[in-house]
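Undergrad: Predicted structure and sequence below. I'll ask about it afterward.
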Amino acid sequence: MSKIVFKLIEKEKVRQVTGLEMIPSENYVSSGVLSALGSILTNKYSEGFPGRRYYGGNEVIDEIENYAADLAKKLFEVPVALVQPYSGSPANMATTMAVCQPGETVLGLALSSGGHLTHGANLSFSSIFYKAVNYTVGPDWKINFEEMKELALKHKPKLIWAGTTAYPYKLDYKKFREVADLVGAYLVADISHISGLIVGGVHSSPVNDVDIITTTTHKTLRGPRGAMIMVTDRGLKKDPDLRSKLEKAIIPGLQGGPHNHQTAAIAIALEEAATPKFKKYAEQVVKNAKVLAEELGTKSENHLILLSLTDYGYGMGYQGQYALETAGITVNKNTIPGEPVSPFYPSGIRLGTPALTSRGMKEADMIKISKWIKLALEETRGNETPKEKELRAEHIKNFKREIVKNKNLQRIRNEVKKFASKFPVPGI
Ligand SMILES: Cc1ncc(COP(=O)(O)O)c(C=O)c1O
């Protein structure tokens, strides 16, 4: 056994136990999920699909993959579930490959408005190999469906993405459907962030309104890193070949052998997500986010909060992230809609409640945490990002070096440590 690696794993364990993990796309998996991930299933090659493998010796793997897919079909009420995508981005790439020829048009929410890279952002495959068009959010930070409709009519996309990665509001899938119907596009819901909320009944399901659903399995769904692609009844009606098109896009299109240990872990996460306990968990995630958002002076209808730091100064995302990190609170810097500075020096942070809720934290705990967040952010004042672009990198480097010495943040760090350590971490 490698002493070096296991020592580092122990070190990371301490970080996860003593800090407050508030990146909204992260969570803690159960010991069942961890055991499957660390199992001998990783030893096996299984290119192909159950009953149709390229290699021998896959009779048990077939049972595992069929079991995982059946659980997904039941939970999300879909006729087809593919559980092999390695992660969310490859799932979205396979989906795009399945329904678009290179050069055809995809329409997705802009990165700067809370969309995901794979939905048509610069530098992503989705704009390199396809023609990407982006809709945005309006001044109220909500999706501008009028603009989306105009863009759809103008560019006639083959695929429309309905999915978000930094968006604190609920999605109305019917509105996306209306636009997709105008141009005959495939409508794909990427529910990566909210799949656990959908299963838990605290966000509406896209199943009746979209053709395909993609999701990561490691966010609110609380499974291993991985992803699934599902086809709805509506999708099969539109295109009876969707299943085989998606399968072909996964392999040989994009991947080789599936990660069988990951598939087994997905099955365990889906078993857990089907329980009444998980429903309660999802409800609590949303309740916690609502309280936390209100305490921070904003709103959330799901599991995440997008917080503008413009009140603290110019381009304060980095500074906010680093100050909070020093205090033991992990969040990520994020652009805000209409970003006034730059995507590289954004003006906000993104935070959420899925991981804290997995540790059993409730509304009163959110109030306590919001106080620490506000106190920590106060420490960033006077450290604005320079207006001169060439000075910015050096400024942030200096800020990062100095902020770890801040006594007020160190005091909060100690309080956070004491507080967090009282809440057990699943799987640890
Ligand atoms: C909406 C959405 N789709 C796809 C992904 C990509 O997932 P992965 O990081 O597993 O590639 C993410 C990840 O943050 C996401 O938020």
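TA: Cool, got the structure. Numbering: from 1, shown residues only.

Undergrad: alpha carbons only for contacts and neighbour counts from here, please
TA: Will do.

Undergrad: list the buried ones in the longest helix belonging to the chain?
TA: When the chain is parsed with DSSP state H, its longest helix is helix 276-295. Residues of helix 276-295 classed as buried by neighbour count (16 or more other Cα atoms under 10 Å): 278-279, 281-293, 295.

Undergrad: residues making contact with that helix?
TA: The contact list for helix 276-295 (Cα atoms under 8 Å, 6 or more residues apart in numbering) reads 196-197, 199-202, 220, 272-273, 299-305, 352-354, 357-358, 362-363, 366-367, 370.

Undergrad: Buried ones from these, can you make that a ChimeraX selection?
TA: This is how ChimeraX selects the buried members of the contacts of helix 276-295, with burial counted by 16+ other Cα under 10 Å:
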select :196,197,199,200,202,220,272,273,299,300,301,302,303,304,305,352,353,354,357,358,362,363,366,367,370
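
Undergrad: What parts of the chain come near the ligand?
TA: By Cα under 6 Å from any ligand atom, the part of the chain that sits against the ligand consists of 87-89, 116, 163-165, 190, 192-193, 216.

Undergrad: same thing but 8 Å
TA: Residues of the chain found near the ligand (Cα under 8 Å from any ligand atom) are 25, 86-92, 115-118, 163-166, 190-193, 214-216, 218, 225-227.

Undergrad: Which of those fall within strands?
TA: Taking DSSP state E as the definition of strands, these contribute 163, 190, 214-216, 227.

Undergrad: and the residue of the stretch 151-300 of the chain found nearest the ligand, what does it touch?
TA: In the stretch 151-300 of the chain, the residue found nearest to the ligand is Thr165; the distance is 4.0 Å by Cα to the nearest ligand atom. Listed by Cα under 8 Å, 6+ apart, the contact set of Thr165 reads 114-116, 192-193.

Undergrad: which of these sit farthest apart?
TA: Greatest spatial distance in those: Gly114 and Ser192, 13.0 Å, computed using Cα to Cα.

Undergrad: Helices of the stretch 1-150 of the chain, residue ranges please.
TA: Listed in chain order, the helices of the stretch 1-150 of the chain (DSSP state H, counting those that start in this stretch) span 3-18, 31-37, 59-76, 88-99, 125-128, 145-155.

Undergrad: most tightly surrounded among the ones you listed?
TA: Counting by mean count of other Cα atoms under 10 Å, helix 88-99 has the highest mean neighbour count of these, with a mean of 23.

Undergrad: Can you name every helix or strand that that one contacts?
TA: helix 125-128, strand 212-216, strand 227-231, helix 242-248 (3 or more Cα pairs under 8 Å, 6 or more residues apart in numbering; DSSP states H and E).

Undergrad: same question for the first one, mean pLDDT?
TA: In other words, helix 125-128. Throughout helix 125-128, pLDDT has a mean value of 98.

Undergrad: Who are the packing partners of it?
TA: Here helix 125-128 touches helix 88-99, going by 3+ Cα pairs under 8 Å, 6+ apart.

Undergrad: Need the residues that contact the helix it packs on.
TA: For helix 88-99, contacts defined as Cα under 8 Å, 6+ apart pick out 85, 118-119, 125-126, 158-159, 186, 192, 214-216, 226-229, 242, 245-246, 248-250, 253-254.

Undergrad: again with stretch 410-426
TA: By Cα under 8 Å, 6+ apart, stretch 410-426 touches 17-20, 28-31, 326-329, 358-361, 372, 376, 404.

Undergrad: again, but for stretch 223-238
TA: If you take Cα under 8 Å, 6+ apart as the criterion, stretch 223-238 is touched by 29, 33-34, 37, 73, 78-88, 91, 95, 207-218, 242-243, 262, 265-266, 268-270.

Undergrad: which residues of the stretch 51-200 of the chain score low on pLDDT?
TA: Residue ranges of the stretch 51-200 of the chain with pLDDT under 70: none are present.

Undergrad: Now do the domain split for the chain, please.
TA: 44-273, 276-420 (automatic domain parsing).

Undergrad: okay if I get those domains as a markdown table plus distance to Gly427?
TA: Below are these laid out as a markdown table (distance: least, Cα to Cα, whole Å):
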| stretch | distance to Gly427 |
| --- | --- |
| domain 44-273 | 11 |
| domain 276-420 | 10 |
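
Undergrad: Against Thr42, how distant is the residue sitting furthest away from the middle of the chain?
TA: Relative to the C-alpha centroid of the chain, counting by Cα atoms, centre = their mean, Gly56 is the outermost residue, at 35.4 Å. Noted for Gly56: a distance of 15 Å to Thr42, by Cα to Cα, to the nearest Å.

Undergrad: still on that earlier bit, selection in PyMOL covering whichever of the contacts of Thr165 are buried, please.
TA: In PyMOL, this line selects whichever of the contacts of Thr165 come out buried by 16+ other Cα under 10 Å:
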select buried, resi 114+115+116+192+193
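
Undergrad: Surely Tyr314 and Ser347 touch.
TA: Yes. At 7.0 Å, Tyr314 counts as touching Ser347 under the criterion of Cα atoms under 8 Å.

Undergrad: hey, what's in contact with both of those two?
TA: Counting by Cα under 8 Å, 6+ apart, the residues touching both Tyr314 and Ser347 are Val341.

Undergrad: Those two: who's more crowded?
TA: Just comparing Tyr314 and Ser347: by other Cα atoms under 10 Å the higher neighbour count belongs to Ser347, 31 against 20.

Undergrad: didn't the more buried one look like it was pressed against Gly320?
TA: No. Applying Cα under 8 Å, one finds Ser347 not in contact with Gly320, separated by 9.2 Å.

Undergrad: Identify the contacts common to these two.
TA: Residues touching both Ser347 and Gly320 (Cα under 8 Å, 6+ apart) are 309, 333.

Undergrad: OK, contacts around Ile376?
TA: That one is not Ile; residue 376 is Ala. Taking Cα under 8 Å, 6+ apart, we find Ala376 in contact with 320, 323-324, 327, 408-409, 412.

Undergrad: where along the stretch 251-400 of the chain do the helices fall?
TA: Along the stretch 251-400 of the chain, counting by DSSP H, counting those that start in this stretch, helices occupy 260-273, 276-295, 317-326, 354-358, 363-378, 389-403.
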